[in-house]
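Enquirer: only geometry, no sequence info:
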C-alpha cells in the first residue's frame with residue numbers, strides 16, 4: 001500500500017479480470033493472511049496440491065523411460081482421482097464498475113508521482129488476430145523507438161518510460177499501457193496517450209513502424225526461450241491455452257507472415273474507446289490536472305477499500 005505502482009497494478013488487474021478466477025488478485029485483504037491457520041493450510045494442500053491438478057513438463061537431457069517411471073511412482077500419474085478443481089469467479093464489489101471514459105483513481109496521499117494504467121481487450125493467443133495484435137503492441141510501446149515512447153517520452157517529455165504489454169489468461173486477454181509521471185503532468189500524459197491511441201485506431205501505423213516492430217518481435221523471441229525454464233514456461237502456457245504441442249515452433253513464422261494491412265485492421269477493431277483507465281496517486285494533487293485534460297468522470301477508491 002506504500003507504493004502507487006503496486007496500488008495501480010492491484011486495481012487494474014481486478015478491474016480487467018472482474019468475473020473471472022483472477023478477479024480477486026493474489027491477495028484480497030491483509031486480514032486474509034492473519035486469519036489463516038494450520039487447518040486452512042492442510043485443507044488447501046489436500047484440495048489443490050494434488051497430482052490431479054498438476055501438469056508436469058520435463059525439459060532437458062534425461063533418460064525418458066527412467067524419468068517416466070519415477071514420475072509415475074511419486075506423482076501417481078495413473079491416478080483415477082477426479083479432475084482438477086474449478087476455481088470460482090470473483091468480482092471485487094469495492095471497486096466501482098467503470099463505464100467508457102471513467103477513470104478509477106486510487107487515492108494514495110503524499111506521492112510525487114502518479115501511476116497510470118490503460119487497458120484494452122485483446123485477442124486470445126488462439127485468435128487469428130493475435131499475431132497482428134502482437135506487432136501492433138510492439139509498434140506502440142514495447143521498445144524505446146515505439147510510437148508512445150517516441151512521442152510521449154522523447155518529444156513531449158511527459159514520462160521517463162511508457163510501455164505496452166499483452167497479458168493473456170485462459171478466460172481473457174488484454175493489452176496494458178503503463179506509465180508514471182509527475183503529478184501536475186498526469187492529465188496531459190493521459191490526454192496525449194489517448195490521442196495517439198485514437199490516431200492509431202483510425203489511421204494505423206506507418207510502414208517503418210511496422211517493419212521495426214516485426215523485426216523486434218522476430219529477433220527477441222529466441223531470447224525469450226533461451227533458458228530451459230523460459231522454454232518450459234512458454235510451452236506450458238501454450239498447452240494450457242489448448243494451442244497444441246507445435247505452437248512455439250510456429251511463433252516466428254506467424255509474426256513474419258503478418259502484413260501491415262493486418263496490423264492496421266486489428267488496430268481499428270481492437271483499440272476501441274471503451275477502455276479502462278486506472279490512476280494511483282495523491283488525489284488532491286492530480287484531480288485538477290485530470291479535469292483540465294478532460295477527464296471529468298473520476299471515481300475515487302481509498303487504499304483501505306482496495307486492500
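Expert: Yep, it's here. Only a predicted model underlies this, so the values are computations on that prediction, with no experimental measurement involved. Numbers count the residues shown, from 1 in each chain.

Enquirer: contacts and neighbour counts: CA atoms only from here.
Expert: Will do.

Enquirer: For residue 209, pull up the helix or strand it's in.
Expert: helix 207-224 (DSSP states H and E).

Enquirer: can you pull the buried residues of that helix?
Expert: 209, 210, 212, 213, 214, 216, 217, 218 (16 or more other C-alpha atoms under 10 Å).

Enquirer: Nearest to residue 88 among those?
Expert: Ranked by distance to residue 88 (C-alpha to C-alpha), those are led by residue 217 at 35.4 Å.

Enquirer: Pull the contacting residues for the closest one.
Expert: Counting by C-alpha atoms under 8 Å, 6 or more residues apart in numbering, residue 217 makes contact with 135, 138, 255.

Enquirer: Give the rounded mean pLDDT of the host helix or strand of the last one.
Expert: Spelled out, that is residue 255. In the assignment (DSSP H and E), residue 255 maps to helix 251-256. Mean per-residue pLDDT for helix 251-256: 97.

Enquirer: what does stretch 280-297 give?
Expert: Mean predicted confidence for stretch 280-297 is 94.

Enquirer: Return the member of the buried residues of helix 207-224 nearest to residue 198.
Expert: residue 209 (16.5 Å).

Enquirer: Could you list which residues are in contact with that closest one?
Expert: 139, 146, 147.

Enquirer: ranking these by neighbours, who comes first?
Expert: residue 139 (29 neighbours; other C-alpha atoms under 10 Å).

Enquirer: Run the chain-centre distance for the helix or strand hosting it.
Expert: Remark: residue 139 resides in helix 130-141, with elements defined by DSSP H and E. In terms of C-alpha atoms, centre = their mean, to the nearest Å, the centre of helix 130-141 is set 14 Å apart from its chain centre.

Enquirer: what do you get for stretch 200-218?
Expert: 21 Å.

Enquirer: Skipping its backbone neighbours, what lies nearest residue 207 in space?
Expert: residue 260 (6.9 Å; C-alpha to C-alpha, 6 or more residues apart in numbering).

Enquirer: Give the rounded mean pLDDT of stretch 224-239.
Expert: 91.

Enquirer: Other residues contacting it?
Expert: Against stretch 224-239 from outside (C-alpha under 8 Å, 6+ apart): 57, 58, 59, 60, 244, 245, 247, 248.

Enquirer: buried stuff in it?
Expert: 225, 231, 232, 235, 236, 237, 238, 239.

Enquirer: Only the buried subset of the contacts of stretch 224-239, as a ChimeraX command please.
Expert: Remark: buried members of those, expressed as a ChimeraX selection using 16+ other C-alpha under 10 Å:
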select :247,248
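
Enquirer: Make JSON lines out of the contacts of stretch 224-239 and add pLDDT, distance to residue 295 and secondary structure.
Expert: Output for these, formatted as JSON lines (pLDDT from 0 to 100; distance: C-alpha to C-alpha, whole Å; DSSP: H, G, I helix; E, B strand; the rest coil):
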{"residue": "57", "pLDDT": "86", "distance to residue 295": "48", "secondary structure": "coil"}
{"residue": "58", "pLDDT": "88", "distance to residue 295": "50", "secondary structure": "coil"}
{"residue": "59", "pLDDT": "90", "distance to residue 295": "50", "secondary structure": "coil"}
{"residue": "60", "pLDDT": "90", "distance to residue 295": "53", "secondary structure": "coil"}
{"residue": "244", "pLDDT": "88", "distance to residue 295": "44", "secondary structure": "coil"}
{"residue": "245", "pLDDT": "84", "distance to residue 295": "46", "secondary structure": "coil"}
{"residue": "247", "pLDDT": "91", "distance to residue 295": "42", "secondary structure": "coil"}
{"residue": "248", "pLDDT": "90", "distance to residue 295": "42", "secondary structure": "helix"}
